[in-house]
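**Q** Predicted coordinates and the sequence they were generated for:
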Amino acid sequence: MSPSANVRLEGIVKKHGSFTALHGIDLEVRPGEFFALLGPSGSGKTTTLRILAGLEAVDAGRVVMDGVDVTHAQPGERDVAMVFQSYALYPHMTVAGNIGFPLKMVGMAPAQIDTAVREAAAKVDIGHLLDRRPGQLSGGQQQRCALARAIVRQPKLFLLDEPLSNLDAKLRLETRAELRKLQRSLGVTAVYVTHDQEEAMTVADRMAVFMEGRIVQVGTPHEIFRKPATVAVAGFIGTPPMNLLPAVLSPAGVQVAGALMDVQAGHGAENSREVMLGVRPGDLRIAPQGIPARVEFIEDFGDSSIVNLEVEGQRVKLRAGETPGLNEGERVHLAFDPRGAHLFDRASGLRI
Ligand code: ATP
């Protein structure tokens, strides 16, 4: 039997009273994939995860796992394990008791539980902490304990809801790499909720971007970064995200803040058209001619810097080397490679 599940959501609608949290979600997660659900707060990610877990009933649509309709199956019947942001460990039980709890619930013999607990704890490097209670663990160790409890039943689907959000920045980086390694070695399918796009970009094979209860784009992190499908996705992905400026597209190029700039062939409109021009901070440069801008302030990160500029009353960010050699208040011009230009229809927000 495959250790990983294929998961499909078909036309999922979820309402809370008169509020619709999910407006018809369609999604397929392939066996063994590390799949991220990414989106701003309140966009419906956790609701989707809870529906996968069987913790939340749907108002319409189907949940299908390995070809079987599990829409109305109880959580215990789904072969899934969930790790929450809060870890949800039992404070009065030892680490071993916590990890073994799901096995105890299904009536496994104590000796077998002991073996399984030791194996799971070893996989996340907490084999030496089995006799402690959660209150005697660091945040990172508690998180590993929650992971061990999730993997002890060898589920086919791993559901993770912001599992790293309680860790400090450094531990978070280390743990996300380990989590990825663990998921690979177990061969289990994982669905991972996060509002942190950098986290999603670095761990996920593919991801779905949620906005207001809808999935607006599905793809690899690279695809979504390179070709955001809407202005909203463009404004959400990237650190810092893409600069977006109102512009007018015509056969001659794109008119922005009084400057006419080149865009890639194929983008040219036959008539003038109102658009949003998107350029990533790393694709902008200071040039002798181009979009007029004024330097506001510079954020220096040691090995790189972000130059904050003003273009027609709007903040624009440019990624530069360690010493951009610019002064606050200085007037400059901005240019970009036509290949770095993203164009979106101003009215619909859709990528052109
Ligand atoms: P976050 O990153 O903040 O956790 P999310 O994308 O996971 O956000 P959900 O928790 O899925 O968002 O919530 C989606 C929407 O549904 C939100 O607007 C939320 O307020 C609403 N919602 C969730 N649960 C309930 C409930 N029990 N009753 C009413 N509204 C709810």
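**A** Okay, I see it. Numbers count the residues shown, from 1 in each chain.

**Q** Could you use CA atoms for every contact and neighbour count after this?
**A** Will do.

**Q** any idea how far the nearest residue to Ala96 once chain neighbours are set aside is from the ligand?
**A** Closest residue to Ala96 apart from its sequence neighbours, by C-alpha to C-alpha, 6 or more residues apart in numbering: Leu130 at 4.8 Å. Leu130 is 31 Å from the ligand, where distance means C-alpha to the nearest ligand atom, to the nearest Å.

**Q** next one: His92
**A** Distance, His92 to the ligand, by C-alpha to the nearest ligand atom: 28 Å.

**Q** likewise Gln264?
**A** In terms of C-alpha to the nearest ligand atom, Gln264 sits 35 Å off from the ligand.

**Q** picking that back up, state the pLDDT value of the residue nearest to Ala96.
**A** Here, the pLDDT recorded for Leu130 equals 94.

**Q** wait, doesn't it sit right on Gly100?
**A** No. Taking contacts as C-alpha atoms under 8 Å, Leu130 lies outside contact range of Gly100: 10.5 Å.

**Q** out of these two, which sits in the more crowded spot?
**A** Gly100 (26 against 18; other C-alpha atoms under 10 Å).

**Q** Can you give me the buried ones in the least confident helix or strand in the chain by mean pLDDT?
**A** Least confident helix or strand, the chain: helix 169-186 with a mean of 84, by mean pLDDT, DSSP states H and E. Within helix 169-186, the residues scored as buried using 16 or more other C-alpha atoms under 10 Å are Arg172, Thr175, Arg176, Leu179, Arg180, Leu182, Gln183, Leu186.

**Q** Let's have these in JSON lines, adding distance to the ligand.
**A** Compiled in JSON lines, the buried residues of helix 169-186 are given as follows (distance: C-alpha to the nearest ligand atom, whole Å):
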{"residue": "Arg172", "distance to the ligand": "17"}
{"residue": "Thr175", "distance to the ligand": "20"}
{"residue": "Arg176", "distance to the ligand": "18"}
{"residue": "Leu179", "distance to the ligand": "20"}
{"residue": "Arg180", "distance to the ligand": "21"}
{"residue": "Leu182", "distance to the ligand": "24"}
{"residue": "Gln183", "distance to the ligand": "22"}
{"residue": "Leu186", "distance to the ligand": "26"}
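
**Q** so which two of those are the farthest from each other?
**A** Arg172 and Leu186 (20.7 Å; C-alpha to C-alpha).

**Q** hang on, Thr47 is in a helix, isn't it?
**A** Yes. Looking at Thr47 with DSSP: H, G, I helix; E, B strand; the rest coil, it is inside a helix.

**Q** Report whether the expected contact of it with Val58 is present.
**A** No. Counting by C-alpha under 8 Å, Thr47 stays clear of Val58, with 9.9 Å between them.

**Q** For Arg144, see how far away the residue of the stretch 201-350 of the chain found nearest the ligand is.
**A** Using C-alpha to the nearest ligand atom, the closest approach of the stretch 201-350 of the chain to the ligand is made by Gly213 at 6.8 Å. The gap separating Gly213 from Arg144 is 31 Å, by C-alpha to C-alpha, to the nearest Å.

**Q** Please, where are all the strands along the stretch 201-350 of the chain?
**A** Here the stretch 201-350 of the chain has its strands, by DSSP state E, counting those that start in this stretch, at 206-211, 214-219, 243-250, 253-256, 259-261, 273-279, 284-287, 291-300, 305-311, 314-320, 331-336, 341-345.

**Q** which other residues reach the fourth one?
**A** Spelled out, it's strand 253-256. Identification of contacts with strand 253-256 by C-alpha atoms under 8 Å, 6 or more residues apart in numbering yields Leu245, Pro246, Ala247, Val248, Leu249, Leu260, Met261, Asp262, Val263, Gly268, Ile291.

**Q** switch the cut-off to 7 Å
**A** Contact partners of strand 253-256, identified using C-alpha atoms under 7 Å, 6 or more residues apart in numbering, comprise Pro246, Ala247, Val248, Leu249, Leu260, Met261, Asp262, Val263, Gly268, Ile291.

**Q** ok, and the most crowded of those residues?
**A** Neighbour-wise, the contacts of strand 253-256 (other C-alpha under 10 Å) top out at Leu249, 27 neighbours.

**Q** So that one is in contact with Met276, correct?
**A** No. Between Leu249 and Met276 there is no contact under C-alpha atoms under 7 Å: 9.0 Å.

**Q** Next to the ligand, which bits of the stretch 151-300 of the chain? Give me the list.
**A** By C-alpha under 6 Å from any ligand atom, the part of the stretch 151-300 of the chain that sits against the ligand consists of His195.

**Q** ends of stretch 17-36, how far apart?
**A** For stretch 17-36, the end-to-end distance is 28 Å (C-alpha to C-alpha).

**Q** count of neighbours near Tyr90?
**A** Residues lying near Tyr90 (other C-alpha under 10 Å) number 15.
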